[in-house]
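Engineer: the sequence and its predicted three-dimensional model are supplied below.
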Protein chains: 2
Amino acid sequence: MSDAPSAPRPASAPGPERLGTPNLGDVARLAGVSVATASRALSGRAPTRTSSHERVAAAAAEIGYVPNGLARSMMGVGRRSVAFVSGEMVGPTFAAMASGVEEVTTAGGHLLLLCTTHSSVQRERETIYSLREQRAAAVLLVGSTPVGEEFEARIAEYADALEMVGARLILCGRPPLASLPHVASLDYDHVGGVRAAVAHLVELGHRRIGYIDLDEESSTPLQRFRGYREGLAAAGLDVDERIVLRTANDIESAEATIAEFPLIDEGITALVCVTDLVAVGARNGLRRRGLDVPGDVSVVGFDDMLLVADLTPPLTTVRAPFHELGALAGRIALGQTAFEGAIELPTELVVRGSTAQPASR
Amino acid sequence: MSDAPSAPRPASAPGPERLGTPNLGDVARLAGVSVATASRALSGRAPTRTSSHERVAAAAAEIGYVPNGLARSMMGVGRRSVAFVSGEMVGPTFAAMASGVEEVTTAGGHLLLLCTTHSSVQRERETIYSLREQRAAAVLLVGSTPVGEEFEARIAEYADALEMVGARLILCGRPPLASLPHVASLDYDHVGGVRAAVAHLVELGHRRIGYIDLDEESSTPLQRFRGYREGLAAAGLDVDERIVLRTANDIESAEATIAEFPLIDEGITALVCVTDLVAVGARNGLRRRGLDVPGDVSVVGFDDMLLVADLTPPLTTVRAPFHELGALAGRIALGQTAFEGAIELPTELVVRGSTAQPASR
DNA sequence: AGAAGATGGGAGAGCGTTTTCCAAGCCGAT
DNA sequence: ATCGGCTTGGAAAACGCTCTCCCATCTTCT
């Protein structure tokens, strides 16, 4: 049956000109060598360099050859990609973490993919599965997320799905999951940070310290609240649920929350806030009620976002190493650093002007 | 010569088990159909669905088949990627623009690549060429950059290089280049924004209005300075170089710059700043010198970054539609919107408390 | 009942690389 | 002069997919 071993070239024209971008075959043809030789010459993987190598290089330059990274990736030798998946791209912590990741991915010759889930489970799942199809080297799931069985089951599903194609899943900015100790997860010391903040307030003489929490049940606020609780406990104080407020994570909501809170009646002299944004809102609300910060009420935030040092008063807050966290996550994603158990980066209390001794009664 | 048309399968074992992730061939084999049928069935490109389609779907589910996005991309049917290339990833404008781009790329089923050049020409070039190899659909070069022939030549080089592989170059957040009207470039109205700021100050009664510029010659500060000049001219005033300062784009530098500036001697009552960061630094410096804002000197910024509304006094500034700019750039990148000449999005003056009538002399 | 049309599915080329295997060619050594 | 080792380069398989022919059915019309 095989009467014509050489196929009749159905599509391409007989002339030397081809459509589209030139290909390694074109380079080889022009240089008068085989594609194998051309590939070897261009990738520098050949034993020695000979005249044909130079012909290949010249041919490549002449026709403007651009190697196809997609094809290289398919052969397992291209750049791999790492995905940065977060709920939202705004917010003070995002950019710093992303830049940390970017630093190590590009240093390693890899690509950084950016995805947003808009806090939708469906989009999160779609994103992960899409990334799996793209054969990403790793997926960084960053930011706070819900706690609970349903969530852990979802992460387990993602981890399995990704492992199936040799991609690893890394949880970034959230604590390790009890049921999934093998999933790499790195976080910073929320608890210690807030504990330090509370200790600072206690040392200043505060005894009645309120807390403003987020109105969502996710890992970050939960941990920070634990820091509050432990901080109080360390000073021999108990959590009084009546002076724990909840709000959304933006300035306006926090301000509105403070507006309708009978704090004076409770004798509160200090307020620990789950984030800087909430702290700023709280400060605005206090001010609106004619209360001075820190004269009447001290305020502490968390994140040390840009500009909080320039507020009046400058905000006392907890600084977390977002950039380092991102860089470390990137290194683990690329396999440059092994993941051995949970990683928790230290945080640091930055004392500024929004905290002071309570007014003498 | 062709005695053995069927090659002797050198590598893979004879058993049904294969290493690595399952393949479309594996699915087809299990379903008892050809790869062509399997491909059609899974991609839903077949006219109707038949029993074999269901067998294929079942087989795919059974062995956990994950289509290879890289291979699909190589065939020209996969997700394409759009690259967001900026100097730095920090800064107030970055996240908003990136999120705008992300919104439209993922809506269109595409991938967003994130790259940083660290303001190094070499890295910029490497990035562009790497993206070209990756066959990105488009490259968004975002942020301010140097002006001048050398720069335009570089952009021309990039545009040509990218066009060679069918990728388009989009300049985002900088004005169109005179020598390259065909490369898509979108910007927002720096000039109009600063003009409005100056007009606002003039209307308040200011006549001696200083300016703090950046110490770099790039498009953004140049345009904003032009807005300053035109704003003064519209009020019949001239630029007095003695009250034009230069600083780096961070709070500390701006503060230091203000510290050694004889502004009182010059009778300055208002200061227009090239960015919010500089404005905050200026405010800090003024305050340090015992001057009140806006009592002694009014201050205007540009960018309306997060928290400037919560400073004391709240900063009067110019707001630019960064998110929309990013989204529009994304749409042009994806070819959803045609680029017809320069695009300039409007800006808006946001009057807050850092500007007031000059003190009566 | 036979032919025309519709339709599902298979074989195989093609995408642009890398890489393995193997045939030459060339050198010095026996 | 011939043989083993070494370099050099080519043919072709492989990666995993899509897509264009085709052929074999099945339906349906005359």
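Structural biologist: Alright, I've got the coordinates.
Engineer: hmm, who's touching the helix or strand of chain A with the lowest mean pLDDT?
Structural biologist: Every helix and strand in chain A was compared by mean pLDDT, DSSP states H and E; the lowest is helix A:263-266, with a mean of 71. Applying C-beta atoms under 8 Å, 6 or more residues apart in numbering or on different chains, the external contacts of helix A:263-266 come out as A:208, A:210, A:242-243, A:271, A:291, A:297. Any C-beta I mention is one placed from the backbone N, CA and C, and that applies to glycine too.
Engineer: send the alpha carbons of that helix over as CSV?
Structural biologist: The C-alpha trace of helix A:263-266 is given here as CSV (Å, rounded to 0.1, in the frame of the first residue of the first chain):
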residue,chain,number,x,y,z
LEU,A,263,-18.0,52.2,74.2
ILE,A,264,-17.8,54.9,76.7
ASP,A,265,-20.4,53.2,78.8
GLU,A,266,-18.2,50.2,78.8
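Engineer: and after that helix, which helix or strand comes next?
Structural biologist: Once the chain leaves helix A:263-266, the next helix or strand it forms, by DSSP states H and E, is strand A:270-273.
Engineer: which is the succeeding secondary structure element to that next one?
Structural biologist: helix A:276-288.
Engineer: neighbours of the nearest residue to residue A:166 once chain neighbours are set aside, how many?
Structural biologist: Nearest residue to residue A:166 in three dimensions, chain neighbours excluded: residue B:21, at 7.4 Å (C-beta to C-beta, 6 or more residues apart in numbering or on different chains). By other C-beta atoms under 10 Å in any protein chain shown, the residues close to residue B:21 number 16.
Engineer: right, and residue B:21 touches residue B:67 too?
Structural biologist: No - between residue B:21 and residue B:67 there is no contact under C-beta atoms under 8 Å: 10.1 Å.
Engineer: ends of stretch A:130-147, how far apart?
Structural biologist: 24 Å (C-alpha to C-alpha, to the nearest Å).
Engineer: chain center to it, what's the gap?
Structural biologist: With C-alpha atoms, centre = their mean, to the nearest Å as the basis, stretch A:130-147 stands 10 Å off its chain's centre.
Engineer: hmm, that stretch touching DNA strand D?
Structural biologist: No - against DNA strand D, stretch A:130-147 shows no contacts by C-beta under 7 Å from any atom of the strand, the least distance being 8.3 Å.
Engineer: do you know the pLDDT at whichever residue of the stretch 51-200 of chain A sits closest to DNA strand D?
Structural biologist: Residue of the stretch 51-200 of chain A nearest DNA strand D, by C-beta to the nearest atom of the strand: residue A:52 (3.5 Å). pLDDT for residue A:52: 82.
Engineer: quick one, what contacts it?
Structural biologist: A:31-33, A:37, A:41.
Engineer: residue of the stretch 151-300 of chain A nearest DNA strand C, please.
Structural biologist: Counting by C-beta to the nearest atom of the strand, the stretch 151-300 of chain A gets nearest to DNA strand C through residue A:166 (16.5 Å).
Engineer: my read: that residue touches residue B:66, true?
Structural biologist: No - using C-beta under 8 Å, residue A:166 makes no contact with residue B:66, being 10.6 Å away.
Engineer: overlap in contacts, the two.
Structural biologist: residue B:21.
Engineer: more neighbours: which of these two?
Structural biologist: Between residue A:166 and residue B:66, residue B:66 has the larger neighbour count (other C-beta under 10 Å), namely 18 against 13.
Engineer: what residues are up against that one?
Structural biologist: Contacts of residue B:66 (C-beta under 8 Å, 6+ apart): A:132-133, A:164-165, B:21-22.
Engineer: which bits of the stretch 101-250 of chain A sit near chain B?
Structural biologist: A:102-103, A:106, A:111-116, A:127, A:130, A:132-135, A:164-166 (C-beta under 8 Å from any C-beta of the partner chain).
Engineer: for the helix or strand where residue A:203 lies, packing partners?
Structural biologist: Using DSSP H and E, residue A:203 falls within helix A:190-204. Contacts defined by 3 or more C-beta pairs under 8 Å, 6 or more residues apart in numbering or on different chains; DSSP states H and E place helix A:190-204 against strand A:209-214, helix A:219-234, strand A:270-273, strand A:298-300, strand A:317-319, strand A:348-350.
Engineer: can we see that at 10 Å?
Structural biologist: strand A:209-214, helix A:219-234, strand A:270-273, strand A:298-300, strand A:317-319, strand A:343-345, strand A:348-350 (3 or more C-beta pairs under 10 Å, 6 or more residues apart in numbering or on different chains; DSSP states H and E).
Engineer: and these: which comes nearest residue B:334?
Structural biologist: Closest to residue B:334 of those is helix A:219-234 (C-beta to C-beta; 34.2 Å).
Engineer: show the subsequent helix or strand relative to the closest one.
Structural biologist: strand A:244-247.
Engineer: what is the neighbour count of the closest residue in space to residue A:64 that isn't next to it in sequence?
Structural biologist: Leaving aside its chain neighbours, residue A:64 sits nearest to residue B:164 (5.8 Å; criterion: C-beta to C-beta, 6+ apart). Look at residue B:164: counted by other C-beta under 10 Å, it has 14 neighbours.
Engineer: need phi/psi at residue A:141.
Structural biologist: phi -90, psi 110 (degrees, to the nearest 10).
Engineer: how many residues are close by it?
Structural biologist: The local packing of residue A:141 (other C-beta under 10 Å) involves 27 other residues.
Engineer: ok, it - contacts?
Structural biologist: A:83-87, A:115, A:117, A:124, A:127-128, A:155, A:158-159, A:169-174, A:183, A:185, A:329 (C-beta atoms under 10 Å, 6 or more residues apart in numbering or on different chains).
Engineer: repeat that for residue A:204.
Structural biologist: So residue A:204 contacts A:269-270, A:294, A:298, A:351, A:355-358 (C-beta under 10 Å, 6+ apart).
Engineer: what's the closest non-adjacent residue to residue A:179?
Structural biologist: Nearest non-adjacent residue to residue A:179 (C-beta to C-beta, 6+ apart): residue A:152, at 5.0 Å.
Engineer: before we move on, back to that, out of the helices and strands packed on helix A:190-204, which gets nearest to residue B:307?
Structural biologist: So among those, strand A:317-319 is nearest, using C-beta to C-beta, at 12.5 Å.
Engineer: elements contacting the closest one?
Structural biologist: So strand A:317-319, by 3+ C-beta pairs under 10 Å, 6+ apart, packs with helix A:190-204, helix A:276-288, strand A:298-300, strand A:348-350.
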